[in-house]
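# Sequence first, then the predicted structure:
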Amino acid sequence: MSNHLHHELARHHRAQRHEEARTYRLLALLRQTAQAPRRPAPRLRLERRPA
């Protein structure tokens, strides 16, 4: 395997892993909000309005 081809494959693999991590985080966030619909994101409200 040539060095250039290996570099391209590694770059593509890294990008793919990044996409997977992002979608997984998004799914986890959606699942969290779906499980607790009564209190929508109390952490965000605290971050926006500091004491």
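Noted; the coordinates are in hand.

# Could you give the average pLDDT over the longest helix belonging to the chain?
In the chain, taking DSSP state H as the definition, the longest helix is helix 3-35. Mean pLDDT, helix 3-35: 86.

# other SSEs contacting it?
Contacts defined by 3 or more C-beta pairs under 8 Å, 6 or more residues apart in numbering; DSSP states H and E place helix 3-35 against no helix or strand at all. Using the backbone N, CA and C atoms, a C-beta is placed for each residue, glycine as well.

# buried sites along it?
When burial is assessed from 16 or more other C-beta atoms under 10 Å, helix 3-35 yields no buried residues.

# ok, now how distant is Arg11 from Arg31?
Noted for Arg11: a distance of 31 Å to Arg31, by C-beta to C-beta, to the nearest Å.

# Check Glu19 too.
Taking C-beta to C-beta as the criterion, Glu19 is separated from Arg31 by 19 Å.

# cool, and Glu20?
16 Å.

# Leu9 now?
32 Å.

# how about the CA coordinates for stretch 12-27, as CSV?
Coordinates of each C-alpha in stretch 12-27 appear next as CSV, following Å, rounded to 0.1, in the frame of the first residue of the first chain:
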residue,chain,number,x,y,z
HIS,A,12,-11.5,9.5,5.6
HIS,A,13,-11.7,7.1,8.5
ARG,A,14,-11.2,9.9,11.0
ALA,A,15,-13.9,12.0,9.4
GLN,A,16,-16.3,9.1,9.4
ARG,A,17,-15.6,8.5,13.1
HIS,A,18,-16.2,12.2,13.8
GLU,A,19,-19.6,12.1,12.0
GLU,A,20,-20.6,9.0,14.0
ALA,A,21,-19.6,10.6,17.3
ARG,A,22,-21.7,13.7,16.4
THR,A,23,-24.8,11.8,15.4
TYR,A,24,-24.5,9.6,18.5
ARG,A,25,-24.3,12.7,20.7
LEU,A,26,-27.3,14.2,18.9
LEU,A,27,-29.3,11.0,19.4
